[in-house]
Every structure is written in C-alpha cells, then in structure tokens.
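**Q** Predicted model and sequence below, questions to follow.
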Amino acid sequence: MIRALLFLALACLALPAAAQPISAADRGRMIDEIAHLLATRYVDADKGQKMAGELRKAKMQWSDVTDGPALAKALTDWLRQASGDGHFAVDYSATPIPVEGGEEAFLDAEIERYYGAQVNHGVQKIERLDGNIMLIDLRVFPPPALGGDVVGAMMTVAAQGDALIIDLRKNGGGMETVDTIIGQLVPEGSPLSGSFDRPSGKTTAHVSPAPPKGRRFGDTKPLYILTSKRTFSAAEALAYDLQALKRATIVGEVTGGGANPFEYRRVHPHFALSLPEKRSVNPITGTNWQDVGVKPDVAVPADQALETALSLAKEALGKASHGGQGK
C-alpha cells in the first residue's frame, strides 16, 4: 500500500505547470513507453496486453494535442476509461525528471507538500462528543516518517473514548500510517490485506503490527467507519480490513473501488505514469475492493453517515451499560 496515495501526490505535479508544447516525436515515444509498461508491468497481465495494443492504435487521436498538461489529462482519461482503474494517471512536470535518482527526490518533495504540516498530516479534526464518543476526521494517511507521530498522538487522544468514529468520507488514501491506526484497534497479528506484485510474481502477506506502548483504544469498544464515494485506496483498505475482521461497522456509501497499489514510472523527462503493479489480497475474503468498492454495513447517503453512526454508537453504549456488548 506504500504507493497507494502517490496517486494524489502526483496529481499535484500538474498544478504549477504552464502550457508547454510537446513535439510529435516526443508524444509518440512517450505513448510507446506507456504501452510497453502496460504490457509488461500492469497488475492484470491480460488486460495490460490488451490495453497496450489499443493504446498504440489510438495514438493518432492525440496528434493535435501539443500542450503537455492537456496531453497528460487526455491520457489519464483514456487509461482510466479503458481499465476502470482509478489509480492510473499521467502527470506533467514542468521541471525535468532526472533519469537517475531524480524520481525519488522529486516525489519526496511532492509528498512533503501533499502530506506535510500545512495539512496537519491529514488530521483534520478530533473531537470528543456527547457520551464520550470520539470523532476523528482524517483526510490522508501520511508516511510514518513525515506524520507518524501526529497520527499516533491522534490515536492516543482517541483511546479515552467509549466509542470511536473515524470519518474517511474525504480520504483519498495514503501510506503506512494505516498500520499505526489499525494496530490500535485489533489484536497483534490479525490478518490484513497483503499484496500480489505482478512484476515479481510474489504475494506478500500482511498482519497488524504490535500496538504502541501507552494508551490504546483497544479491540472491543464500538468502532464505526464513515465512507463515501470519495473514500479511496488506502482508506478503503482500512475500512475493508476492519469489516473483514468484524471489528468495525461501516456506515455511508460504497467507496471508490481502488485496490491496486501503484508505482511511479518516468515515461518522459516531463511526464510520469502512475502504474498499478500490485493487487491487494485480503486473506479472509480471498479478494479485495477493486472496482466494487467497500460495501457499507449500514448504507446511507454520505451526508447522513455521521448522524447514523452516532445513533448506532449511543445505542451500543446503552446496551453495554445494561450488560450487553457493543460491536
């Protein structure tokens, strides 16, 4: 899941770019390189081969597109339409991307901009509501090295709650701090979604990490996850895994349906391809949420999800106080 939200980070690359011309020769070489990567590295080998052929045939439809950002958008639209995979993207960078070592340094800067302190590393809000119900509004999952301490502090504050609601309705995904959160909510070693890597052919299992020392919300108190159509990628992984473990009640809308983590591939000095090369695999369900999304346990419009979850939490706490047990 490491690269899951680089989708969003890369999307930022196009923002500062002014209109830049691209030659016909460069356009052709870039499209050929994208087709090659589709055929050799896209996680669905058969679909990748098919898309590669179709992309080469479609090449001339962009013959009059000479503006770099416009071409990036057109190719992104084509790739997503052809694959149904929302992790695909082609992004334009006004600054040349070096061949050797430049990709990581370039992305590090973008990650800092997208997940950095200016967005409080994704923590939009934490609030203690009536009934000692904690509400977390989380917009991204930052890399641990960048915002892991903030996410950890957020969970420490939430630990005092009798119930917890995690709002992922505006969360487009993220990185390994998903584990920081889930380690607070399930027993150590709980089976989580691993991944199949198409280029290597390897499948890697994944389990919940040891909880951090100190205060912990724990694995028995009522837990609710709010979702919407915008909930995507790593945010879906958190909801899906907690649902599979029967640890949380998912409230809201079916999510976006992106379970194929991607890698950043340089396809031209000014263009980067976000290429899904992996597939998430949950050991409990044997599948994932690609294309179909995470289906809520309680389906309501996104703007009614919080109110619904609050009602459920109060009901569960009421039962618990009378000798019952919440989920």
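**A** Yep, that arrived.
**Q** pLDDT at Tyr264, what is it?
**A** On the pLDDT scale, Tyr264 is placed at 85.
**Q** How about the secondary structure of it?
**A** Three-state call for Tyr264 (DSSP: H, G, I helix; E, B strand; the rest coil): strand.
**Q** Roughly how far does it sit from Lys125?
**A** 31 Å (CB to CB, to the nearest Å). For every residue, glycine as well, the C-beta is placed using N, CA and C.
**Q** more neighbours, these two?
**A** Neighbour count, other CB atoms under 10 Å: between Tyr264 and Lys125, Tyr264 has more, with 21 against 12.
**Q** hey, what's the more buried one bridged with?
**A** In this entry, Tyr264 is beta-bridged to Ser274, by DSSP bridges.
**Q** start at 149 instead
**A** From this message on, residue numbering opens at 149, which makes the last subject Tyr412.
**Q** So it sits against Ala420, correct?
**A** Yes - between Tyr412 and Ala420 there is a contact at 5.7 Å, judged by CB atoms under 8 Å.
**Q** all helices of the stretch 199-348 of the chain, in order?
**A** 216-231, 250-263, 292-306, 325-330 (DSSP state H, counting those that start in this stretch).
**Q** the strands in the stretch 299-448 of the chain, which residues?
**A** 311-315, 339-345, 350-355, 371-375, 397-400, 410-416, 419-424, 426-429, 446-447 (DSSP state E, counting those that start in this stretch).
**Q** Need the CA coordinates for the fourth one. CSV is fine.
**A** Pointing back at strand 371-375 there. Extracted C-alpha coordinates of strand 371-375, given in CSV (Å, rounded to 0.1, in the frame of the first residue of the first chain):
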residue,chain,number,x,y,z
LEU,A,371,-16.0,1.4,16.3
TYR,A,372,-17.6,3.0,13.2
ILE,A,373,-16.0,4.0,9.8
LEU,A,374,-17.7,6.6,7.7
THR,A,375,-17.4,6.2,3.9
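**Q** Which residues does that strand contact?
**A** 311-317, 333, 365, 383-384, 386-387, 390-391, 395-403, 442, 444, 450, 453-454, 457, 460-461, 475 (CB atoms under 8 Å, 6 or more residues apart in numbering).
**Q** Adjacent strands (with direction) for it?
**A** strand 311-315 (parallel), strand 397-400 (parallel).
**Q** same deal with the last one?
**A** Looking at strand 446-447 with DSSP bridges, its paired strands and their directions are strand 397-400 (parallel).
**Q** any residues touching the strand it pairs with, and which ones?
**A** In contact with strand 397-400 (CB under 8 Å, 6+ apart) are residues 317, 370-376, 379, 387, 390-391, 442-450, 453, 456-457, 460, 475.
**Q** Sketch out the low-pLDDT regions of the stretch 149-298 of the chain for me.
**A** 149-167, 250-251, 253-254, 257-258 (pLDDT under 70).
**Q** please redo it, this time with the cut-off set to 50
**A** Across the stretch 149-298 of the chain, the ranges flagged by pLDDT under 50 are 149-165.
**Q** For Gly176, which of the strands of the stretch 299-448 of the chain is the nearest?
**A** strand 410-416 (10.7 Å; CB to CB).
**Q** elements contacting that closest one?
**A** Applying 3 or more CB pairs under 8 Å, 6 or more residues apart in numbering; DSSP states H and E, we find strand 410-416 packed against helix 154-159, helix 172-189, helix 250-263, strand 419-424.
**Q** can you give me the angle it makes with helix 172-189?
**A** For strand 410-416 against helix 172-189, the angle by axes from the mean of the first three to the mean of the last three CA atoms, to 10 degrees is 150 degrees.
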